[in-house]
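Novice: sequence and predicted model, in that order:
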Amino acid sequence: MLTIAVSKGRIFEEALPLLSEAGIQPTDDPKTSRKLILDTTRGDVKLVIIRATDVPTFVEYGAADLGIAGKDVLLEHGAESLYEPLDLKIAGCRLMTAMHKDKPNISGRVRVATKYVKTARLYFASKGIQAEIIKLYGSMELAPLVGLADCIVDLVDTGNTLKANDLEPRELITEISSRLVVNKAAMKMKHQAIQTLINQFEITLAKR
Ligand code: ATP
Ligand code: PRP
């Protein structure tokens, strides 16, 4: 039996065609079902539906053999406890700094609001900028508008969310896409099944 951890919403939607090509289709629709463990059309594969930020934790502890998680989440979690064999090239976006459109670029000390505390700290340290990081769990865009922070670190795709809030992207921290992650023990114990799945994903990705 293989268990794959995946989050509802964007990642799930974009992962469905990949899973489907490997013969894995959930027998319940996660949009309407309240079930957290979904059977699939493959008797040997189950999906567990969790929050995006919890995927690395479930995989690290072996509660799921595999998972699909954004690189943003993996950077924040720390990747050394997991294997990351494949870039699935889904849910693509960029992790960026952003500021009010009328504000000049950072000089000196800066206050940064983000849910990516660890990544932001590393980024500003690498630039030699002294940053006070304020942890938020969402709606980061609000922080510069109400004087909570000078700058935010957040995901940008179309840029519409920033624009709607009079912010603009400034520095690219890193490109983001979702990755397949694998529990280290499972990679040994269930090597053949996992490697077959990785190969199937690779074949589908190569056709894109
Ligand atoms: P949680 O439920 O844990 O708070 P979330 O609400 O951020 O997570 P999603 O919005 O579904 O969950 O995002 C999941 C992943 O999708 C992110 O970790 C990121 O890798 C990617 N992502 C987020 N926003 C975008 C976007 N606007 N465009 C493309 N990919 C995105
Ligand atoms: C994500 C991210 C940004 C937005 C960027 O939010 O946190 O706010 O997308 O996308 P854009 O550049 O295309 O506007 P999401 O839509 O996932 O909402 P949430 O963080 O509140 O879940």
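Specialist: Structure received. Ligands and ions are numbered 1, 2, ... in the order given.
Novice: from here on, just use CA atoms for contacts and neighbour counts.
Specialist: Will do.
Novice: longest single helix anywhere in this protein?
Specialist: Counting residues, the longest helix found in the chain (DSSP state H) is helix 191-206.
Novice: how far out from the middle of the chain is that one?
Specialist: 20 Å (CA atoms, centre = their mean, to the nearest Å).
Novice: check which helices and strands it sits against.
Specialist: Contact here means 3 or more CA pairs under 8 Å, 6 or more residues apart in numbering; DSSP states H and E; on that basis helix 191-206 packs against helix 10-21, strand 82-87.
Novice: if we use 7 Å, what do you get?
Specialist: Contacts defined by 3 or more CA pairs under 7 Å, 6 or more residues apart in numbering; DSSP states H and E place helix 191-206 against helix 10-21.
Novice: buried residues in the helix it packs on?
Specialist: 11-12, 15, 18-19 (16 or more other CA atoms under 10 Å).
Novice: for these, which one is nearest ligand 2?
Specialist: Closest approach to ligand 2 among the buried residues of helix 10-21 (CA to the nearest ligand atom): I11, at 10.1 Å.
Novice: can you spell out the domain ranges of this structure, please?
Specialist: Taking automatic domain parsing as the reference, the chain has its domains at 2-91+177-206, 93-174.
Novice: helices along the chain, start to end?
Specialist: 10-21, 55-60, 71-77, 117-126, 142-145, 160-164, 184-189, 191-206.
Novice: tell me the most buried of these?
Specialist: The highest mean neighbour count among these, using mean count of other CA atoms under 10 Å, belongs to helix 55-60: a mean of 24.
Novice: let's see that helix as CSV, backbone CA atoms only.
Specialist: Output of helix 55-60 as CSV, limited to C-alpha atoms (Å, rounded to 0.1, in the frame of the first residue of the first chain):
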residue,chain,number,x,y,z
VAL,A,55,2.6,17.7,3.8
PRO,A,56,6.3,17.6,4.7
THR,A,57,5.5,16.7,8.3
PHE,A,58,3.3,13.7,7.4
VAL,A,59,5.9,12.5,4.9
GLU,A,60,8.8,13.0,7.3
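Novice: which one is the residue most central in space within the chain nearest to, not counting chain neighbours?
Specialist: By CA atoms, centre = their mean, the mean C-alpha position of the chain lies nearest to G70, the distance being 1.9 Å. Distance criterion CA to CA, 6 or more residues apart in numbering; nearest residue to G70, sequence neighbours excluded, is S178 at 4.0 Å.
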